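> Sharing a model prediction with you, sequence too.
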Number of protein chains: 2
Amino acid sequence: MAGVTLKTVAKAVGVSPSTVSNAYNKPDQLSTALRERILATAQELGYAGPDASARALRSGKAGAVGVLFTDKLAYAFSDPYAVGFLAGLAEVAEEFATSLLLMPLSSTDIAGGSNAVQQAAIDAAAIFCVPGGHPALEILANRGIPAVSTDRGDHPDLSWVAIDEVEAAAQLGEHLARLGHREVVVLVDNAQAAGGRPVELTLDEVGYTDCELRIQGLQKAMPDARLRIVSGGHNAFASGMKGAEYVLDSQDRPTAIVGLSDVQALGALEAMKVRGLTPGRDLTLAGFDDIPAAAAAGLTTVRQPIKDKGRAVGRILLDPAATDRQLLMPTQLIVRSSSGPAPKH
Amino acid sequence: MAGVTLKTVAKAVGVSPSTVSNAYNKPDQLSTALRERILATAQELGYAGPDASARALRSGKAGAVGVLFTDKLAYAFSDPYAVGFLAGLAEVAEEFATSLLLMPLSSTDIAGGSNAVQQAAIDAAAIFCVPGGHPALEILANRGIPAVSTDRGDHPDLSWVAIDEVEAAAQLGEHLARLGHREVVVLVDNAQAAGGRPVELTLDEVGYTDCELRIQGLQKAMPDARLRIVSGGHNAFASGMKGAEYVLDSQDRPTAIVGLSDVQALGALEAMKVRGLTPGRDLTLAGFDDIPAAAAAGLTTVRQPIKDKGRAVGRILLDPAATDRQLLMPTQLIVRSSSGPAPKH
DNA sequence: TCGTTTTTCTAGAACGATTTAGAAGAACGA
DNA sequence: TCGTTCTTCTAAATCGTTCTAGAAAAACGA
């Protein structure tokens, strides 16, 4: 059973290996009769079709696109936003009979080459929320693998599918400003705070480009407001809760809390509930992304078409017909019950 | 920049290709000085390390494990249960510097070989909730790829990590029986109902082994109860809602509804809420899996350690030290407010 | 009937690495 | 000093395909 190759089959049928190869890949290059005879013999010999690695080597196509996530791979699945992106990407991948290769980003042994990004047999890569300058991006570039990012990069020849982070955040900022909020806390993803106490950051310490831009957008739309940047850890429900707890239990309570992702905002919502605070009345809460749970919770947020984002990335990566290599997706402010006028003193 | 291979580097440095290969893979097989010289030259030439496909072909290791999901790949991400499994698996994969290859199962062109399962360069495969007898499983077997399933198969030499479905469901059944329920509706995943009207099924029509076993377990524990099997479509929130609506709006209302997954049960919960029904008082509702949202919703359910399941599958696939190839994971009945005594007439 | 096109198939060279077996020289123990 | 063992490096075979030319036969048009 083992060791059955194209050659074995070719010999058994009495044709050349090329012909057997064609039987699988170019059915119109040989007579139907012969093709069927070859396939039958292959079946009989237990030949499972052309070897994937060999085919990939020779043809230069791996039949898979890589997906790069920040942080731990296991972690990526906790945010419905990331999952939505993946779902959109998967949809297109499915259409092109291509697999998705999820690559862990953790191991930093770059020179050694034991890196997953180094090892991966992929034709292209989707880069999801990876901070600019990450070593993995360089590896990808070195390997000459076409990539599409979900962040607008600085290089003009980079492909991306993104939103206008500044404008999107500004929409939300205007809404909050109109409601009279001047004391705002922004909850962000931060590695430092993970596992420890919540931290208060400056804009420069944020790290993620998209987060920075959003904060800038908020500030732009509410020039008179005082923005504080707080993190309770990685981008997750628990972190949002921790960050909000820290803020709510301090003397210096804001009138509005903005989570830079809905999962964090929902965590903050939980912290408010525990303290008997009603969102939209006692304190305004807003998020970002508009994940399904946001609607159920009545969370004001900025909707971005995440599944479409995934689809668009997939098209750029896989569809030769896709011409636009830089795509700006629309966003929309969704006002729900969690935002209300700032209480007057 | 293009066309730089091991050979190019070898020629540039003035050593044999084997030595360059060793510089990357077996650092202790050559002097440190030479190794550094090689690596430096490689860098200079823009060589990005050994080609993944070539390495995979020659060494016979792809550095990736495949993940087979039922249904549409895009779809798999909508259930936190599936996502939890993936997270556990990813954790172990990360540890072994292995990537996860998500394969779409849809295309059925098996003979043609344009199949993702056929094409995929993988060392092993995790099979998640794929109904027995699916053609993809045969392809995998033909290719001689070791696989671990989340269902206990019939073959004694198959590897799996599963739960005792019958016993787990029986625990829940006993709980319901003790509460006096005799009219029970079970909500299941079913392709037929997808996109159309909810359907009522017989046990034989269910299809998924695990679902069948759970229903058997319920029946076993509540011999006097009448079990009806209803499906509102694929395994998802919306399907559970649709199925429950169908049942709640009929003349023949049950006293208890059991979702065979929490997402479905939560969908049913929504349908109840809309109708002003309080779970645990007007009608008993129970689920399966104990996803995070279940706790928040007060849903009685059967907990299974899904992340551990993913981890265990990963270990069997990747860890040579893992000896047990068949693992039964524990389950636990979690009673919350959504279940209560059956109303007396 | 004769050139021309089409169909069907093949030989042999890649693809880019890893592996095996072994050579050359250095280091070692007695 | 001599045989033995290490260390360091190499030559050549091999992994299993697909691809590029092109050959042989069949079909075609005039």
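Thanks, I have the structure now.

> Low-confidence ranges, the stretch 101-250 of chain A, go.
A:106-114 (pLDDT under 70).

> what ranges do the strands span in it?
With strands called from DSSP state E, counting those that start in this stretch, the stretch 101-250 of chain A shows them at A:124-128, A:147-149, A:159-163, A:183-187, A:199-201, A:226-231.

> Mind putting these into a markdown table with mean neighbour count and distance to residue A:313?
Bear in mind the C-beta positions are built from the backbone N, C-alpha and C, glycine included. Formatted as a markdown table, the strands of the stretch 101-250 of chain A follow (neighbours: other Cβ atoms under 10 Å in any protein chain shown; distance: least, Cβ to Cβ, whole Å):
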| stretch | mean neighbour count | distance to residue A:313 |
| --- | --- | --- |
| strand A:124-128 | 24 | 5 |
| strand A:147-149 | 24 | 5 |
| strand A:159-163 | 23 | 5 |
| strand A:183-187 | 25 | 26 |
| strand A:199-201 | 17 | 29 |
| strand A:226-231 | 20 | 27 |
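
> quick one: contacts for the spatially most central residue of chain A?
Centroid-nearest residue in chain A: residue A:128, 3.5 Å away (criterion: Cα atoms, centre = their mean). Contact analysis of residue A:128 by Cβ atoms under 8 Å, 6 or more residues apart in numbering or on different chains lists A:67-70, A:76, A:82, A:85, A:150.

> switch to 6 Å and redo it
A:69, A:150 (Cβ atoms under 6 Å, 6 or more residues apart in numbering or on different chains).

> Same check on residue A:218?
A:169, A:173.

> ditto for residue A:88
Here residue A:88 is in contact with A:307, A:310-311 (Cβ under 6 Å, 6+ apart).

> so what's residue A:72 scoring on pLDDT?
pLDDT recorded at residue A:72 is 60.

> swap in residue A:89?
Reported pLDDT for residue A:89: 93.

> which element is it on?
Assigned by DSSP states H and E, residue A:89 falls within helix A:80-95.

> any idea how far that helix is from the chain center?
9 Å (Cα atoms, centre = their mean, to the nearest Å).

> in chain A, which spans are helices?
For chain A, the helices defined by DSSP state H occupy A:6-13, A:17-25, A:32-45, A:52-59, A:73-76, A:80-95, A:116-119, A:135-143, A:165-178, A:209-221, A:237-248, A:262-274, A:292-297, A:306-318.

> Can you say which of the strands of the stretch 101-250 of chain A is nearest to residue B:276?
strand A:183-187 (35.7 Å; Cβ to Cβ).

> Partner strands of that closest one, with direction?
strand A:226-231 (parallel), strand A:256-259 (parallel) (DSSP bridges).

> Which residues outside that strand are in contact with it?
A:215, A:225-230, A:240, A:243, A:247, A:254-259, A:264.

> are any of those residues buried, and which?
Among these, the ones that count as buried by 16 or more other Cβ atoms under 10 Å in any protein chain shown are A:215, A:225, A:227, A:229-230, A:240, A:243, A:247, A:254-259, A:264.

> Just the closest of those to chain B, please.
Nearest to chain B, judged by Cβ to the nearest Cβ, of the buried ones among the contacts of strand A:183-187 is residue A:240 at 14.1 Å.

> Surely that closest one is in contact with residue A:264?
Yes: counting by Cβ atoms under 6 Å, residue A:240 sits close enough to residue A:264 to count as a contact (3.1 Å).

> And the strands paired with strand A:183-187: which comes nearest residue A:303?
strand A:256-259 (14.2 Å).

> number of nearby residues for residue A:195?
Neighbourhood size, residue A:195 [other Cβ atoms under 10 Å in any protein chain shown]: 8.

> Look up the closest residue to it, ignoring the ones flanking it.
residue A:233 (6.8 Å; Cβ to Cβ, 6 or more residues apart in numbering or on different chains).

> Which residues of the stretch 51-200 of chain A lie near DNA strand D?
A:51, A:54-55, A:57-59 (Cβ under 7 Å from any atom of the strand).

> Which one (most neighbours) among these?
Result: residue A:55 is most packed of these (other Cβ under 10 Å), 23 neighbours.

> Can you tell me the closest non-neighbouring residue to that one?
residue B:119 (7.4 Å).

> repeat for residue A:259
residue A:265 (3.1 Å).

> how about the one you found, what does it touch?
A:259, A:285, A:287, A:299.

> Burial check on residue A:99, number of neighbours?
29.

> list the contacts for the residue nearest to it when sequence neighbours are not counted?
In space, and not counting its chain neighbours, residue A:99 is closest to residue A:64: 4.4 Å by Cβ to Cβ, 6+ apart. Taking Cβ under 6 Å, 6+ apart, we find residue A:64 in contact with A:99, A:101, A:122.

> which residues does the second one bridge with?
With DSSP bridges as the criterion, the beta-bridge partners of residue A:101 are residue A:66, residue B:101.

> for it, what are its contacts?
A:64, A:66, A:120, A:122, B:99, B:101.

> between those residues, which is nearest DNA strand C?
residue A:120 (13.7 Å; Cβ to the nearest atom of the strand).

> Touching, the closest one and residue A:65? I think so.
No: contact status for residue A:120 versus residue A:65: not in contact, 9.9 Å apart, counting by Cβ under 6 Å.

> How many residues are close by residue A:334?
If we define neighbours as other Cβ under 10 Å, then residue A:334 has 16 of them.

> One more: residue A:216?
If we define neighbours as other Cβ under 10 Å, then residue A:216 has 17 of them.

> Spit out the contact partners of the closest residue to it other than its chain neighbours.
Of all residues not flanking residue A:216 in the chain, residue A:166 sits nearest, at 5.8 Å (Cβ to Cβ, 6+ apart). Residue A:166 makes contact with A:213, A:216-217 under the criterion Cβ under 6 Å, 6+ apart.

> I'd like the distance between residue A:166 and residue A:234.
24 Å (Cβ to Cβ, to the nearest Å).

> now do residue A:105
14 Å.

> Could you do residue A:121 as well?
30 Å.

> neighbour-wise, which of these two wins?
Using other Cβ under 10 Å as the criterion, residue A:121 and residue A:234 rank with residue A:121 on top: 28 against 20.

> interface residues of chain A facing chain B?
A:24, A:48-49, A:52-54, A:56-57, A:63, A:73-74, A:77, A:83, A:86-87, A:90-91, A:94, A:97, A:99-104, A:106-107, A:113-114, A:116, A:118-121, A:142-143 (Cβ under 6 Å from any Cβ of the partner chain).

> Tell me how many other residues surround residue A:261.
28.

> dump the residue contacts of the closest residue to DNA strand D within the stretch 151-300 of chain A.
The nearest approach of the stretch 151-300 of chain A to DNA strand D comes at residue A:159, 24.9 Å away (Cβ to the nearest atom of the strand). Listed by Cβ under 6 Å, 6+ apart, the contact partners of residue A:159 are A:148, A:316, A:325.

> ok, the first one to residue B:16 distance?
When Cβ to Cβ is the yardstick, residue A:148 and residue B:16 sit 39 Å from each other.

> Residue A:21 now?
In terms of Cβ to Cβ, residue A:21 sits 32 Å off from residue B:16.

> Between those two, point out the one with more neighbours.
For residue A:21 versus residue B:16, the count of surrounding residues by other Cβ under 10 Å is larger for residue A:21: 18 against 13.

> Please list all residues in contact with residue A:29.
residue A:22.

> can we see that at 10 Å?
By Cβ atoms under 10 Å, 6 or more residues apart in numbering or on different chains, the contact set of residue A:29 is A:18-19, A:21-23, A:35.
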